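Colleague: No letters, just coordinates:
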């Protein structure tokens, strides 16, 4: 299989990679300037890929937010303030000279974990818990995108009180809870403090774990996947999966989802979108 230019444009960082045979051959990591806007974000993506011009044969780009008909919109502007219906496909075509395959970043990561990671070949849901909470769902060997491109957007699901899961269990939510407790630090520092035995931090991450466990149960009832794979900086933080599992211990066995740690780390999205781009190219070749 020839090389794919793959990118994962998220709320805090953008990974641009050259993917070949399901593996990342080369990579560039750059911060996402929240205030730069999509013209800036896509330009920087293209600049990072310039050294590989002529090496890749196709383009796949995963982005935070919703992708519909080649346009890009925010699911939660707090993660990244994307204007409504930004013409992402056209912009990337102009920059790269190639029609891109576009997909939500968590859906791309779900597909990556399905084809090459912790959910390989199994009905699975994927939750990436980082700045926000994204998700993806693979059932019967197919990525569930949905009619509006929202398939697997589990972080946007509200609880009984109307509060989104993302606003309770994400890295941003953890940082906000820490600030309310008198400790204005980001999520990694909260987890470090919890590991050091600081009671305020343990209280914050424990509340987030309870919210994440309840979200996993909602996913179980909605789709009944064989496994739920947890990824992202918060999902993979030391001790967090264990906290989530401990919250489930009192539940009936049939209501406890099987949890797995994501295996591909931050490369899941680019591996997944590269596989989707290769499959789209193969489909076009068969059709014509």
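Modeller: Great, that's in hand. Only a predicted model underlies this, so the values are computations on that prediction, with no experimental measurement involved.
Colleague: Just the pLDDT at the nearest residue to residue 140 once chain neighbours are set aside, thanks.
Modeller: The shortest distance from residue 140 to any residue other than its chain neighbours is 7.0 Å, reached at residue 123 (C-beta to C-beta, 6 or more residues apart in numbering). C-betas here are computed from N, CA, C, even on glycine. For residue 123, the pLDDT comes out at 98.
Colleague: Residue 1 now?
Modeller: 52.
Colleague: now the helices: where do they sit in this structure?
Modeller: Applying DSSP state H to the chain gives helices spanning 38-49, 88-96, 105-116, 166-169, 171-180, 187-195, 199-223, 232-235, 240-248, 268-287.
Colleague: Give the residue spans of the stretch 151-288 of the chain that score low on pLDDT.
Modeller: Residues of the stretch 151-288 of the chain meeting the criterion pLDDT under 70: 288.
Colleague: 90 - rerun?
Modeller: 158-162, 266, 282-288 (pLDDT under 90).
Colleague: circling back to that earlier point, can you tell me which of the helices of the chain is most buried?
Modeller: helix 105-116 (a mean of 29; mean count of other C-beta atoms under 10 Å).
Colleague: Just list what that one packs against, helices and strands only.
Modeller: strand 3-9, strand 56-63, strand 124-129, strand 133-139, strand 142-143, strand 227-231, helix 268-287 (3 or more C-beta pairs under 8 Å, 6 or more residues apart in numbering; DSSP states H and E).
Colleague: picking that back up, which one of the helices of the chain lies nearest to residue 10?
Modeller: Taking C-beta to C-beta, helix 105-116 is the member of these nearest to residue 10, at 5.8 Å.
Colleague: what's the offset of the closest one from the middle of its chain?
Modeller: On the basis of C-alpha atoms, centre = their mean, to the nearest Å, helix 105-116 sits 8 Å off its chain's mean C-alpha point.
Colleague: Could I get the average pLDDT for it?
Modeller: In the prediction, helix 105-116 has an average pLDDT of 96.
Colleague: returning to that earlier point: adding distance to residue 204, write the helices and strands packed on helix 105-116 out as JSON lines.
Modeller: Putting the helices and strands packed on helix 105-116 into JSON lines (distance: least, C-beta to C-beta, whole Å) gives the following:
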{"stretch": "strand 3-9", "distance to residue 204": "28"}
{"stretch": "strand 56-63", "distance to residue 204": "29"}
{"stretch": "strand 124-129", "distance to residue 204": "14"}
{"stretch": "strand 133-139", "distance to residue 204": "16"}
{"stretch": "strand 142-143", "distance to residue 204": "34"}
{"stretch": "strand 227-231", "distance to residue 204": "18"}
{"stretch": "helix 268-287", "distance to residue 204": "26"}
